[in-house]
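Student: Based on what follows, work out the 3D shape:
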Amino acid sequence: SVPLSPSLGSSSARALSLPSPLPACLHFTPLPLHNTISSLVDTISSLVALAGKPRKTDYSDVPTAVFSNPNIGTCGPTETEARKLYGEVDIYRTSFRGMKHTLTGRQEKMMMKLIVDPKTDKVVALHMCGDAAGEVIQLAGVAIKAGATKAHFDSTIGVHPTAAEELVTMRSKV
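Tutor: Numbers count the residues shown, from 1 in each chain. Here you go, the predicted structure:
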């Protein structure tokens with residue numbers, strides 16, 4: 001659990017659970033991850049206070065991005081954590097060379113993994129690494145928060161040619 005700084009005079013500090021051990025890629029971020037998360041929470045709290053519409057912030061399934069090269073985006077539990085939470089889970093994974101790299105001749109690939117609770121068909125997590133992962137994960141976080149199912153993803157028409165299109169075309173479980 002990582003302590004988060006109290007926000008704008010808040011008398012109680014909060015804590016956020018992070019995967020342990022942290023993925024190796026997080027050790028290369030310019031700021032310690034807990035400082036970044038703390039800053040984000042403080043920013044959200046400030047904006048809510050300024051808007052005059054206080055709300056209870058839900059810190060579960062926070063979409064997170066590491067703007068490294070390649071980008072990393074994650075939302076929801078790891079596969080191991082999901083198995084502890086849900087028992088059986090369905091895993092959909094893809095690795096591909098994006099159109100941009102096909103045209104430039106670079107061999108860089110992108111990886112995406114959807115984790116689905118088979119009892120409810122809800123997408124409970126998305127983990128991705130590659131171009132635009134930091135951008136895509138934000139809207140994936142909205143879908144996960146909203147309780148989107150794998151059927152919702154499957155019935156969505158993909159924008160071609162984009163990396164995000166792969167999220168709605170994954171059909172085979174691993």
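
Student: Now the closest residue in space to P77 that isn't next to it in sequence: which helix or strand?
Tutor: Once flanking residues are discounted, P77 sits nearest to A125: 5.4 Å by CB to CB, 6 or more residues apart in numbering. Quick note: C-beta positions are derived from backbone N, CA and C, even for glycine. Assigning secondary structure by DSSP states H and E places A125 in strand 122-129.

Student: From the contact counts, what lies against that strand?
Tutor: The contact analysis (3 or more CB pairs under 8 Å, 6 or more residues apart in numbering; DSSP states H and E) places strand 122-129 against strand 72-75, helix 79-86, strand 110-117, helix 133-145, helix 150-154.

Student: Tell me which other helices or strands the second one touches.
Tutor: To tie it back to what came earlier, the one meant is helix 79-86. If you count contacts as 3+ CB pairs under 8 Å, 6+ apart, helix 79-86 packs onto strand 110-117, strand 122-129.

Student: Report the buried residues of the last one.
Tutor: By 16 or more other CB atoms under 10 Å, the buried positions in strand 122-129 come out as 122-129.

Student: Reformat the residues you listed as JSON lines; add pLDDT and distance to D61.
Tutor: Putting those into JSON lines (pLDDT from 0 to 100; distance: CB to CB, whole Å) gives the following:
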{"residue": "K122", "pLDDT": "98", "distance to D61": "11"}
{"residue": "V123", "pLDDT": "98", "distance to D61": "10"}
{"residue": "V124", "pLDDT": "98", "distance to D61": "8"}
{"residue": "A125", "pLDDT": "97", "distance to D61": "8"}
{"residue": "L126", "pLDDT": "97", "distance to D61": "10"}
{"residue": "H127", "pLDDT": "97", "distance to D61": "12"}
{"residue": "M128", "pLDDT": "95", "distance to D61": "15"}
{"residue": "C129", "pLDDT": "94", "distance to D61": "18"}
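
Student: Among those residues, which one sits closest to K150?
Tutor: Closest approach to K150 among these (CB to CB): V123, at 5.9 Å.

Student: so where is the protein shaky, pLDDT-wise?
Tutor: Along the chain, segments meeting pLDDT under 70 span 1-42, 44-46, 48-52, 54-55.

Student: again, only using 90
Tutor: Confidence mapping of the chain against pLDDT under 90 gives the ranges 1-60, 69-70, 95-110, 131-132, 160-166.

Student: which SS state does L103 fall under?
Tutor: helix (DSSP: H, G, I helix; E, B strand; the rest coil).

Student: Pull the number of nearby residues for it.
Tutor: 9 (other CB atoms under 10 Å).

Student: Would you report the backbone torsion angles of the closest residue to M99 other than its chain neighbours?
Tutor: Residue nearest to M99 in three dimensions, not counting chain neighbours: P161, with 4.1 Å by CB to CB, 6+ apart. As for P161, its main-chain torsions (degrees, to the nearest 10) stand at phi -100, psi 110.
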